[in-house]
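> Provide a 3D model corresponding to the input given below.
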Amino acid sequence: MTFNPSPDINALVVSYADGELVLYALEPTELCYRSPDIFAHSLACSPDGRKLVTGSAQGTIQIFEFTGVRGDSLSLLYRIKGYDDGIQSVVFSTDSLRFADIRGSQYRIWEPAVLAYNESDEASQSGLSQATLLEPNSVTMMDEYLGAEITAICCHPSGDLVFYGKQDGSVAYFETRSATEKGVLYQHGAKIGITCVIFISDKGRLVTADQSGCVLIKSVTVFQADCEVSAASAEIRLEMTPTLLLSNPSGTRILIGGKRYAEVWTTEGENVGSKITFQDDDDDDMVIVNHPSHSDLFVLVGRNGMQVYSWMVPLEAKGSTDRNGDIEVPNCKTIALPPEHHSTFQLKQRSDPDVQPNSSQSIARLIQNKHAPNRRSMSITLKVWAASSISMVDSSSPQPILFPNFMDHAHIIRQVIGVIDNVLLFLSTNFWVCSLDLSQDDVSPSTNAGAQRHFFLLSEWQGSNRRFIIDYMPARREFVVATRMG
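This next block holds a predicted model:
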């Protein structure tokens, strides 16, 4: 509830749990106005007493005007429809021309035109006439982005272009230097969402997969900051919904993975070998990457261990188990930097004296104890395997390099963006993009070697699955973020 601060409007505004908004006059005490289905979680009257702002748990903001001779009624002027976190609080500026809302860990400042009024109208509130009821203006946050939602992105190695797929099945591209959406390259089935996108630069192939199990391989010619599709190389039909794509270094084969298994195909559309069945089919975010130092191998790091496979004959070459009931923090992957950007991955011999500290190639994964009672106390360990320890010849399980002090940062990680040499990039729980230098002996927050915050993301940029689509472009040393609604 809130009181109107104007001495000319002696009123109390109350919001009830059933969604009703009620206006009471205090002298004499009587009910003046009621409106159902407002569901105001927070209320604020402007200092001049003319306006009322409400915020709902669904993220909707509504602006009312006090009307009537004594301000004993409310007229809805403006509605801002929300689709993200609920409104926790709203507050007006002292001049009554702006207000701020708090949702999640962020706040926004609004300055809608309906809050302004002419000084000639600033007479006593008792002089207000009956307002003519008009249809309120209703808008949606980020109304300028009403296109189909972006569901997958892939950066060109130069960083000049970003290829992306949308929920409506279209595949388009974006030019980063001028921040311009260039256009649609081609279309999958109508309204069939794209699930993953990769670009094979050596062969000039763009590979896209959709929810129906269709994988298209297109020849794309890139010139300066533009590109065009020249021809279709292949079309693959699967009995699963692909959730990951990986190309071998030579660009001749691709791994297509779903929830329970993966298959290897040539870029000409020919199936190679048998299915690779995942040991744990509910590990939605397993890491599958090319071996950092052996181009003919790829590595699957699942919840229960690591397997090494050959691109030529995709049968398991070597496996290891680590059945400790742990799960992975979502979206962890490795990123290979161009040679000119490489620096030494100095790990300074931590838990395993046999691991060489000068390896510049590695595979990383975050392991989280799923039995932790809450996020603050959950046990998360960063595991890094040096490339030299992952071999088809050695039958023993590769020993990861442990970072015990990394547990200090566990509770603030929402999503992992990537591992760049010795730097971990991640999104924190309050939507800050952060980096953590893993080459330091002590990475606890109490030291200068703790995580550094760079910039934050707006909560409404999340996709419909409550995840952010974000990637790092090493060539430009910049991030690319896909906002919801295109």
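> kindly list the longest strand within this structure.
strand 226-237 (DSSP state E).
> work out the sheet partners of the next helix or strand after it and label each with its direction, please.
Downstream of strand 226-237, the first helix or strand assigned by DSSP states H and E is strand 244-247. Applying DSSP bridges, strand 244-247 is found paired with strand 253-257 (antiparallel).
> and G189, what does it touch?
Each residue near G189 by CB atoms under 8 Å, 6 or more residues apart in numbering is listed here: 169, 210, 212, 214. Any C-beta I mention is one placed from the backbone N, CA and C, and that applies to glycine too.
> give the bridge partners for the second one, please.
In this structure, D210 has beta-bridge partners I194, where bridges are defined by DSSP bridges.
> against Q452, how distant is it?
38 Å (CB to CB, to the nearest Å).
> neighbour count: those two, which is higher?
More crowded of D210 and Q452, by other CB atoms under 10 Å: D210, with 22 against 13.
> is it true that that one touches H188?
Yes: counting by CB atoms under 8 Å, H188 is a contact partner of D210 at 4.5 Å.
> which residues are in contact with each of those two?
165, 169, 194.
> out of those, who's nearest S158?
The shortest gap between S158 and any of those belongs to G165, at 19.9 Å (CB to CB).
> check contacts around the closest residue in space to that closest one that isn't next to it in sequence.
Nearest residue to G165, sequence neighbours excluded (CB to CB, 6 or more residues apart in numbering): I194, at 2.5 Å. Residues near I194 by CB under 8 Å, 6+ apart: 151-152, 164-167, 169-171, 188, 208-210.
> show me where the stretch 201-350 of the chain has strands.
Taking DSSP state E, counting those that start in this stretch as the criterion, the stretch 201-350 of the chain carries its strands at 205-210, 214-223, 226-237, 244-247, 253-257, 261-266, 271-277, 287-290, 297-302, 305-310, 316-321, 326-328.
> got those strands as a markdown table, with mean pLDDT columns?
What follows is those, written out as a markdown table (pLDDT from 0 to 100):
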| stretch | mean pLDDT |
| --- | --- |
| strand 205-210 | 94 |
| strand 214-223 | 91 |
| strand 226-237 | 84 |
| strand 244-247 | 92 |
| strand 253-257 | 92 |
| strand 261-266 | 91 |
| strand 271-277 | 83 |
| strand 287-290 | 83 |
| strand 297-302 | 82 |
| strand 305-310 | 80 |
| strand 316-321 | 47 |
| strand 326-328 | 40 |
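> for A475, which of those strands is the nearest?
Once those are compared by CB to CB, strand 214-223 is nearest, at 13.4 Å.
> what strands flank the closest one, and is each parallel or antiparallel?
strand 205-210 (antiparallel), strand 226-237 (antiparallel).
> buried residues in that strand, which are they?
214-220, 222 (16 or more other CB atoms under 10 Å).
> stretch 454-474 now?
Buried-residue list, stretch 454-474, by 16+ other CB under 10 Å: 457-463, 468-474.
> give me the subset of those residues that lies in strands.
Going by DSSP E, the strands hold 469-473 from these.
> with distance to T241 and pLDDT added, can I get those in JSON lines?
Shown next, in JSON lines, are those (distance: CB to CB, whole Å; pLDDT from 0 to 100):
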{"residue": "I469", "distance to T241": "17", "pLDDT": "89"}
{"residue": "I470", "distance to T241": "22", "pLDDT": "90"}
{"residue": "D471", "distance to T241": "21", "pLDDT": "89"}
{"residue": "Y472", "distance to T241": "26", "pLDDT": "89"}
{"residue": "M473", "distance to T241": "28", "pLDDT": "88"}
